[in-house]
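S.K.: Output the structure for:
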Amino acid sequence: MRILFSILTFLFAFINLNAQDLPFSNKQLKPITKKELRKHIEVLASDSLEGRYTGSDGQKKAASYIASEFQKAGLRAYNDTTFYQPFSLWSWHWKECTLSFNDTKLSSNSNLVYRSSSPIDSMLTADCIFIGDGRDTLINELDIDGKIAFAFSKSLRNYYRLYYKLKNKGAVAVILSNPYDENAFNSAMKQSSSANSNKRLFKKKPYFSGSTSKLFIVKANVAEELFKTPLEQLIETTTPEQVQDIPLASVKTQCPIEIEQVVTENVVGFYPGQGDTNETIVLSAHYDHIGKRGEQINYGADDNATGVSALIAIAKTYEKAKVKPDKNILFLATSGEEIGLLGALHFAKEQAKLPYDIKANLNVDMIGRRDSAHKSNYIYIIGAAEYPVMDSLCHVANQLDSITIDYGYNKSKGFGNFLNLSDHYAFHKQGIPVLGFFSGLHEDYHKPTDTIDKIEFNEMLKRVRLIYTTSFLAAQDNTFKD
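M.R.: As a prediction, this is how the structure comes out:
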């Protein structure tokens, strides 16, 4: 009851303020400019950073840039030593997959696709049996147990039903080809190359089940070489008697993986308040993105170069302000958000070792665009229902620019509940009040077309001003007092 009374007293005092009485002014917000915001997005969403995938060279370059900008903004190293908070992940990627028969060797680098998540570490050698188009009469009557099954399929995407039928009959691996579409293999190769362009990352060392599918895709002419039979005859092979006339072939295959530890890092800067306190407000935004898909870069200008640009601009604004906040401000740029909020969860786990009493988190994730539901001048806030004090702070701070505040992503269930889908979740999980700032989804989300030319800087500018003023109110001495 005492806590509730304190919150109500605080809110009553602030809500009755007019713009002239606020502890900040338009003059204090002058360092937040469209030019400043654009400058950082241009770097973070550039070709050279290649989409900032966690653990990649592009992510490392982004971290270095952010640390440099934090230092220029007058922030201190968060632990008195470094701006970097490293943490380790596990990665795995395919080495060269091969499939050999007679004097022919197929390779995943040119003429072989391995469509599986299970490695073949040691060489697998087995007889390969041709089973035509995989119709049930063939699968049921042929001896497939312990063999590699080769089948024709009109779809190299929807193969699961056929694969599991063959596996249940004892096939140790499956080879598929589509002789009905000359572009089918190239499409499968392109899809595989795109899917494997980034290393797969995990919090724990990956485990691979030996029972997982082992499936290869090859060009149709491979069947001719493998079974020494014309392709036209193979296509017309539809009965068990016809299949038994096709000779078995001996096939050797291997598809090893490489497992290694990858170090990535959050970038953390500290701005001391004017009070002698360890009470701290965390401003966060993730700087990683989804990297490349094949040769296409996913630039992530809105997601989330905009959020990081906001952090840097706000840090510079605090440094230049004549009126200092009472509480400390911690600026947290996280890595690994796109693969499971890993950077924020690591920080939240480790923060007990740091001399900060975290009172609230303001998280910024995609604030540079408009969605189809709005024309202009709005922001979604997330966490308002769970933390009404944060909602009230935002409304008080909004007196300067009067942006429309939308609660559309505060739904209690399903994908609409964004409380669990960005870095603020790591703090919410610990019961720390949070507020997420978001401008909504758009057609370029997680696509190469999320580029800087589509950022609406007039809209973004007002949102960053609101985030700054909300954080300033949160950092006042009488906020979050028991």
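S.K.: which stretches of this protein aren't confidently modelled?
M.R.: Residues of the chain meeting the criterion pLDDT under 70: 1-21, 210-211, 412-416, 482.
S.K.: tell me the centre residue of it?
M.R.: E338 (1.7 Å; CA atoms, centre = their mean).
S.K.: ok, it to S91 distance?
M.R.: Between E338 and S91 the distance is 14 Å, computed by CB to CB, to the nearest Å. For glycine as for every other residue, the C-beta is placed from the backbone atoms N, C-alpha and C.
S.K.: Please apply the same query to E459.
M.R.: Note on E459: its distance to S91, by CB to CB, is 37 Å.
S.K.: more crowded one of those two?
M.R.: More neighbours surround E459 than the other of E459 and S91, with 20 against 17 (other CB atoms under 10 Å).
S.K.: quick one: P448 and E295 touch, right?
M.R.: No - between P448 and E295 there is no contact under CB atoms under 8 Å: 9.9 Å.
S.K.: any residues in contact with both of those two?
M.R.: With contacts defined as CB atoms under 8 Å, 6 or more residues apart in numbering, no residue is shared by P448 and E295.
S.K.: Just want to know which of the two has more residues nearby.
M.R.: Neighbour totals were compared for P448 and E295, and P448 leads with 17 against 10 (other CB under 10 Å).
S.K.: quick one: that one from I66, how far?
M.R.: In terms of CB to CB, P448 sits 23 Å off from I66.
S.K.: Ok, S110 next?
M.R.: Taking CB to CB, one finds S110 at 39 Å from I66.
S.K.: L142 now?
M.R.: From L142 to I66 the distance is 60 Å (CB to CB).
S.K.: Same drill for the two, tell me which one is more crowded.
M.R.: Applying other CB under 10 Å to L142 and I66 shows that I66 carries more neighbours, namely 27 against 19.
S.K.: Which positions in stretch 469-482 come out as buried?
M.R.: For stretch 469-482, the neighbour count (16 or more other CB atoms under 10 Å) marks 469-476, 479-480 as buried.
S.K.: again with stretch 173-187
M.R.: 173-179, 184-185.
S.K.: thinking M460 is in contact with G368, fair?
M.R.: Yes - the pair M460 / G368 is scored as a contact, 4.7 Å apart, by CB under 8 Å.
S.K.: Overlap of the contact sets of those two?
M.R.: 306, 439.
S.K.: Neighbour count for those two, which is higher?
M.R.: Using other CB under 10 Å as the criterion, M460 and G368 rank with G368 on top: 27 against 24.
S.K.: Show the contacting residues for the more buried one.
M.R.: By CB under 8 Å, 6+ apart, G368 lies in contact with 41, 301-302, 305-306, 439, 454-457, 459-460.
S.K.: Out of these, which end up buried?
M.R.: The neighbour-count test (16+ other CB under 10 Å) applied to those identifies 41, 301-302, 305-306, 439, 454-455, 457, 459-460 as buried.
S.K.: for the closest residue to K327 other than its chain neighbours, phi and psi?
M.R.: Among residues not flanking K327 along the chain, A475 sits closest, at 4.1 Å (CB to CB, 6 or more residues apart in numbering). With angles defined as degrees, to the nearest 10, A475 sits at phi -90, psi 10.
S.K.: can you give me the helices for the stretch 51-200 of the chain?
M.R.: 57-72, 136-141, 160-168, 184-195 (DSSP state H, counting those that start in this stretch).
S.K.: Run the chain-centre distance for the last one.
M.R.: Looking back up the chat, that one is helix 184-195. 22 Å (CA atoms, centre = their mean, to the nearest Å).
S.K.: for this protein, which strand is longest?
M.R.: Criterion DSSP state E: the longest strand present in the chain is strand 257-271.
S.K.: Note down every partner strand of it and its orientation.
M.R.: Paired with strand 257-271 in the same sheet, following DSSP bridges, are strand 76-77 (antiparallel), strand 84-94 (antiparallel), strand 328-334 (antiparallel).
S.K.: in it, what's buried?
M.R.: Buried residues in strand 257-271 (16+ other CB under 10 Å): 257, 262, 264-271.
S.K.: Show me what the very next helix or strand once past it is packed against.
M.R.: Using DSSP states H and E, the helix or strand that follows strand 257-271 in sequence is strand 279-286. Where contact means 3 or more CB pairs under 8 Å, 6 or more residues apart in numbering; DSSP states H and E, strand 279-286 is packed against helix 306-320, strand 328-334, helix 342-350, strand 357-364, helix 457-474.
S.K.: Just want the angle from the first one to strand 357-364.
M.R.: On the basis of axes from the mean of the first three to the mean of the last three CA atoms, to 10 degrees, helix 306-320 is oriented at 130 degrees to strand 357-364.
S.K.: which parts of helix 306-320 are buried?
M.R.: Neighbour counts using 16+ other CB under 10 Å place 306-318 of helix 306-320 among the buried residues.
S.K.: what would these look like in a markdown table with distance to T238?
M.R.: Converted to a markdown table, those look like this (distance: CB to CB, whole Å):
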| residue | distance to T238 |
| --- | --- |
| T306 | 58 |
| G307 | 59 |
| V308 | 60 |
| S309 | 62 |
| A310 | 64 |
| L311 | 64 |
| I312 | 66 |
| A313 | 68 |
| I314 | 69 |
| A315 | 70 |
| K316 | 73 |
| T317 | 74 |
| Y318 | 75 |
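S.K.: Among these, which one lies nearest to G51?
M.R.: Nearest to G51 among the buried residues of helix 306-320: V308, at 14.1 Å, using CB to CB.
S.K.: what's the distance between that closest one and P86?
M.R.: Using CB to CB, V308 is found at 18 Å from P86.
S.K.: Let me see the contact set for A149.
M.R.: Residues in contact with A149 (CB under 8 Å, 6+ apart) are 128-129, 131, 166, 171, 173-175.
S.K.: for K359, same thing?
M.R.: Counting by CB under 8 Å, 6+ apart, the residues that K359 touches are 279-281, 327, 432-433, 474, 479-480.
S.K.: Can I get those in CSV including distance to P388?
M.R.: Rendered in CSV, the data for the contacts of K359 read as follows (distance: CB to CB, whole Å):
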residue, distance to P388
E279, 20
T280, 21
I281, 17
K327, 20
I432, 15
P433, 9
A474, 14
T479, 13
F480, 13
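S.K.: Go through the residues you listed and name the one nearest S193.
M.R.: I432 (42.3 Å).
S.K.: Quick check, the closest one in contact with N363.
M.R.: No - using CB under 8 Å, I432 makes no contact with N363, being 11.2 Å away.
S.K.: So K252 belongs to a helix, correct?
M.R.: No - counting by DSSP: H, G, I helix; E, B strand; the rest coil, one finds K252 to be strand, located in no helix.
S.K.: Pull the contacting residues for it.
M.R.: If a contact means CB under 8 Å, 6+ apart, then K252 has 98-101, 123-125 as its contacts.
S.K.: Got a quick PyMOL command for the buried subset of those?
M.R.: Only the buried entries of the contacts of K252 go into this PyMOL selection, using 16+ other CB under 10 Å:
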select buried, resi 98+99+100+101+124
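S.K.: Of the contacts of K252, which is the nearest to V464?
M.R.: Using CB to CB, those come closest to V464 at T98, 52.8 Å.
S.K.: Would you mark the buried spots in stretch 222-242?
M.R.: Quick answer for stretch 222-242 (16+ other CB under 10 Å): 222-227, 229, 231, 234, 237.
S.K.: can you put the residues you listed in a markdown table and add distance to H424 and secondary structure?
M.R.: A markdown table is the format used below for these (distance: CB to CB, whole Å; DSSP: H, G, I helix; E, B strand; the rest coil):
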| residue | distance to H424 | secondary structure |
| --- | --- | --- |
| V222 | 51 | helix |
| A223 | 54 | helix |
| E224 | 58 | helix |
| E225 | 57 | helix |
| L226 | 55 | helix |
| F227 | 58 | helix |
| T229 | 62 | coil |
| L231 | 58 | helix |
| L234 | 58 | helix |
| T237 | 59 | coil |
